[in-house]
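Student: Need coordinates for the below:
(chains A and B)
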Amino acid sequence: MAKKGIVVSKHKYTLSEKLYYPEILKGMGVSIRHFFANIVKKKYTVTLQYPEQKESYAERFRGKHRLMTREDGSLRCVACMMCATACPAECIYIEAEDVGDSLVEKRAKVFVIDELRCIFCGLCVEACPTDAIRMDTGEHVEPEYTREAFIYDKKKLLQNSGRSVAIQGGDPDYIHKN
Amino acid sequence: MPTLKIDGKEITVESNTTIIEAAKKLGIDIPVFCYHEGLSIAANCRMCLVEVEVNGRKFNKPLPACHTIVSDGMSVQTDTPKVKKTREGVLEFLFLNHPIDCPICDQAGECYLQDHYMAHGAYESRLDTEKVKKNKAIPIGEHVILDSERCVLCSRCVRFTKEISKTEELAIFNRGNHSEIGVVAGKSLDNDYSLNVVDICPVGALTSRDFRFKKRVWYLKTTPSICTGCSMGCNSSIEYENGTIYRIKPRENRDVNGWWMCNEGRLLYHQINSNRLLSTLSKGNEISQKDALLRFVEIIKNHKNSSEKIGVVLSANLSTESAFAIKNLFQEFFGVKSFYINVKKDGKSDDLLIKADKNPNRKGISLVIGKENAEKTLKDAIKKHETLIFWGGDLPSEFDLIESDLKKVKNIILFATNKNILTDIADISFPITSIAQERGTFVNIQNRLQQFYPIEKHQALIYNPTNKGVSQVGSLTEKIYNPIEWLVNISKKMDYNYSLDSIFKIFAQMRKEIPQFANIEYKNIGLNGVLLEDK
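Tutor: Numbers count the residues shown, from 1 in each chain, chains lettered A, B, ... in the order given. Coordinates of the predicted model:
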């Protein structure tokens, strides 16, 4: 039976390789060349002085969550529960409340994200119909000493908040007849 | 008996049947907004248009399936390109001024507009002008809130107030694009059945103020149940999540409640959710379950030679099975002969559903304890007995007694669902499950045996971030036994060989002992119930 497969010829060592020391010196030479190049020319440097220097992330990097606000500073979230429904890790907990007017009607009384449970898939951002939740902070979730500290409430989620100008809800010029 | 074909399937139906009813029998779904089986036909939404051919002659225009009476040799097509285009067109008109505010709409998830758009619409919007704005979030009564922008003017609610509640509070005002539902001047939607308009509203125009923003409907699970508000025993379905009930809706049963239910019955779930007795109490102070059971056994043993001093009071809220099991244990093993039925006072009644007798299972318990016992009042019980054992939790306002009367009784033992004045004065109060947490049957005012099912016992660990960690949300169901489980616990403590530990064994025993139940199989009760024979 004919043997199948590729015949790999064994590498034959040259004399200098067999002697071992010339090869070591060659390798050391590469290291020493980089060592001096780094001192003389900074642009060769591939490492960063972390944490003073940080690598910038891609624009679409999914980082820590934040909640967006309207022009008047109120939370854009209308507690529709789309993000909580879409979340595969079930890390979002929302309680709705009645605003009592006829323009906004509904808002989130409680909005909590457990960043330890979160898998940073970004489905909540995709599901949000009001551009209320975003993951565009470009930051990682900071390390904490307790598990409780990873449970972000409304206040913490609003720390990095920004204003979103996406058109939302009814026409503010429309005056309620009653 | 005309024979017709719908989508090629042949069916013979009663004369005067409409196409939509015939299609329903064949399992063919025709989308509707204004058609409702319990109301008159309006045929104004035009969503159910189908192509009709009679004896080879085709109608030029599609006909409304809800309003067209079938005839012999008719052939109906519900899925031709023309029908599909018609549906899409109807939807486009209905959506013209719709605000698409599904994120804040309580109907989202059970909305006909959403369902039909996904199934029959899915077109691109062609509207390039401003939408007509209407009033939003207007409370039009104690229980209902109106959003005119979402309304599709199907007139179901108007027909309901005209035909069912006969109160005529709602009407359609204005013309064309500006038409809207409104309350007739000087009235508000405050009839006893007003929440039914929320159910029948196919869109989010009429929503419940009680349920408003409490839960998104897709999280809710449903269990068939029976309303405990009065002796009518309306068929209901309990909608709940994680052991908490969020709303109660009527369940169709044409022999009992049709499609409707009164407001009072719908709001009864608040009693199940709140003010519950969750631990064993002695004179209002918490004691351990073990101590309580020991004391109970002690009291019973003290009456070993004077069993006539024990009286057992059964609430008319108990299931027939629980009542039978209680009677069985106390009669067979403790020698108790005095059984009483604790009934609520008569309340208001009307011609539709609300009955004056406010006890859901008075008839069933009367069958169990016998007619003679059922006629005795609680006042007799207090005079005669040293120890009274109350089964089933009734609220204090419903008692025919006053506290001072009860103080004359030496020992009061209570098995209750809710906290009330009795839990404060009773020597021992044991918590029991509510109707939503157990299985059983009621006999309603028509002598109909109907069964209810428990909501899913939720014991899984649920993550609740507001509690900062893992917690058990379904706390209502933990550590609370149902009456039958308590009986088993008691008989174990007293070393009795008590065999009636499941509802099926109890029912089998009931069939032997109570003649009215003799011919009834438990599995035949089903969701619509069975009528008991008068014997």
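
Student: who touches the residue in chain A that chain B sits nearest to in this structure?
Tutor: Relative to chain B, the nearest point of chain A is A:Cys80 (3.3 Å; Cβ to the nearest Cβ). Quick note: C-beta positions are derived from backbone N, CA and C, even for glycine. Shown in contact with A:Cys80 (Cβ atoms under 8 Å, 6 or more residues apart in numbering or on different chains): A:106, A:129-130, B:102-104, B:108, B:216.

Student: what do you get if the cut-off is 10 Å, keeping everything else the same?
Tutor: When contacts are counted by Cβ atoms under 10 Å, 6 or more residues apart in numbering or on different chains, A:Cys80 touches A:94, A:96, A:106, A:108, A:127-130, A:132, B:101-105, B:108, B:216.

Student: how close does it sit to B:Leu329?
Tutor: 52 Å (Cβ to Cβ, to the nearest Å).

Student: same check, this time on B:Ile164
Tutor: Applying Cβ to Cβ to B:Ile164 and B:Leu329 gives a distance of 45 Å.

Student: Got the phi and psi for A:Ser108?
Tutor: Quick fix: residue A:108 is Ala, not Ser. phi -90, psi 120 (degrees, to the nearest 10).

Student: Contacts only, for the residue lying closest to it once chain neighbours are set aside.
Tutor: Nearest non-adjacent residue to A:Ala108, counting by Cβ to Cβ, 6 or more residues apart in numbering or on different chains: A:Ala79, 4.2 Å away. Residues near A:Ala79 by Cβ under 10 Å, 6+ apart: A:94-97, A:105-111, A:130, A:132, B:103-104, B:213, B:216.

Student: Can you classify B:Arg511 as helix, strand or coil?
Tutor: Following DSSP: H, G, I helix; E, B strand; the rest coil, we place B:Arg511 in the helix state.

Student: any idea where the strands of chain A begin and end?
Tutor: Using DSSP state E, the strands of chain A run over residues A:66-67, A:92-98, A:106-114, A:133-134, A:151-152.

Student: Equivalent analysis for the stretch 51-200 of chain B, please.
Tutor: Assigned by DSSP state E, counting those that start in this stretch, the strands in the stretch 51-200 of chain B fall at B:57-58, B:63-64, B:74-77, B:138-139, B:144-146, B:170-173, B:180-183.

Student: For B:Pro515, the count of nearby residues, please.
Tutor: 12 (other Cβ atoms under 10 Å in any protein chain shown).

Student: pretty sure it is in contact with B:Glu533, am I right?
Tutor: Yes - with contact defined as Cβ atoms under 10 Å, B:Pro515 counts as touching B:Glu533 (8.4 Å).

Student: Strands along the stretch 251-400 of chain B, start to end?
Tutor: Under DSSP E, counting those that start in this stretch, the stretch 251-400 of chain B gives strands at B:281-282, B:285-286, B:310-315, B:338-342, B:387-391.

Student: Out of these, flag the one nearest chain A.
Tutor: strand B:285-286 (29.6 Å).

Student: which outside residues touch the closest one?
Tutor: B:278-280, B:292, B:424, B:429.

Student: hmm, 7 Å instead?
Tutor: Residues outside strand B:285-286 that contact it (Cβ atoms under 7 Å, 6 or more residues apart in numbering or on different chains) are B:Ser279.

Student: So what are the sheet partners of that strand and their directions?
Tutor: The pairing partners recorded for strand B:285-286 under DSSP bridges are strand B:281-282 (antiparallel).

Student: who's in contact with the partner strand?
Tutor: Here strand B:281-282 has contacts from B:287, B:292, B:423, B:427-429, using Cβ under 7 Å, 6+ apart.

Student: In terms of distance to chain A, which of the residues you listed ranks first?
Tutor: With Cβ to the nearest Cβ as the yardstick, the closest approach to chain A among these comes from B:Thr423, at 30.7 Å.

Student: who's in contact with residue 158?
Tutor: With no chain named, the answer covers chain A. A:Leu158 makes contact with A:Leu67 under the criterion Cβ under 7 Å, 6+ apart.

Student: Actually, chain B is the one I wanted.
Tutor: Neighbouring residues of B:Val158 by Cβ under 7 Å, 6+ apart: B:170-172.

Student: one more time with 6 Å, if that's ok
Tutor: B:170-171 (Cβ atoms under 6 Å, 6 or more residues apart in numbering or on different chains).

Student: B:Arg159 against B:Leu39, yeah?
Tutor: Yes - the pair formed by B:Arg159 and B:Leu39 meets the contact definition of Cβ atoms under 6 Å, at 4.6 Å.

Student: for chain A, what are the nearby residues on the stretch 151-300 of chain B?
Tutor: Contact residues, the stretch 151-300 of chain B versus chain A (Cβ under 6 Å from any Cβ of the partner chain): B:213, B:216.

Student: Against A:Val78, how distant is whatever residue of the stretch 201-350 of chain B ends up closest to chain A?
Tutor: Taking Cβ to the nearest Cβ, chain A has its nearest neighbour within the stretch 201-350 of chain B at B:Phe213, 4.1 Å off. B:Phe213 sits 10 Å away from A:Val78, taking Cβ to Cβ as the criterion.

Student: anything in stretch A:95-105 near chain B?
Tutor: Yes - applying Cβ under 6 Å from any Cβ, one finds stretch A:95-105 touching chain B at A:96, A:98, A:102, A:105.

Student: possible to save the residues you listed as a markdown table with distance to B:Ile245 and pLDDT?
Tutor: Below are the residues of stretch A:95-105 next to chain B laid out as a markdown table (distance: Cβ to Cβ, whole Å; pLDDT from 0 to 100):
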| residue | distance to B:Ile245 | pLDDT |
| --- | --- | --- |
| A:Ala96 | 18 | 93 |
| A:Asp98 | 20 | 93 |
| A:Ser102 | 29 | 82 |
| A:Glu105 | 24 | 90 |
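
Student: Which two of those residues have the greatest separation?
Tutor: Taking Cβ to Cβ, the two most distant members of these are A:Ala96 and A:Ser102; they sit 16.3 Å apart.

Student: So which of the two has more stuff around it?
Tutor: A:Ala96 (24 against 17).

Student: tell me, what residue is most central in chain A?
Tutor: Geometric centre of chain A, nearest residue: A:Gly63, 2.1 Å, by Cα atoms, centre = their mean.

Student: can I assume it is in contact with A:Arg134?
Tutor: No - look at A:Gly63 against A:Arg134 with Cβ under 6 Å: they stay out of range, at 9.6 Å.

Student: Find the one among the strands of the stretch 51-200 of chain B with the highest mean neighbour count.
Tutor: By mean neighbour count, with neighbours taken as mean count of other Cβ atoms under 10 Å in any protein chain shown, strand B:144-146 ranks first of the strands of the stretch 51-200 of chain B at a mean of 25.

Student: ok, it: who's next to it in the sheet?
Tutor: strand B:138-139 (antiparallel), strand B:206-208 (antiparallel).

Student: so where is chain A shaky, pLDDT-wise?
Tutor: Chain A contains residues with pLDDT under 70 at A:1-2, A:167-178.

Student: For chain A, which residues are neighbours of chain B?
Tutor: So far as Cβ under 6 Å from any Cβ goes, chain A lies against chain B at A:78, A:80-81, A:93, A:96, A:98, A:102, A:105-106, A:112, A:114, A:129, A:148, A:151, A:174, A:177.
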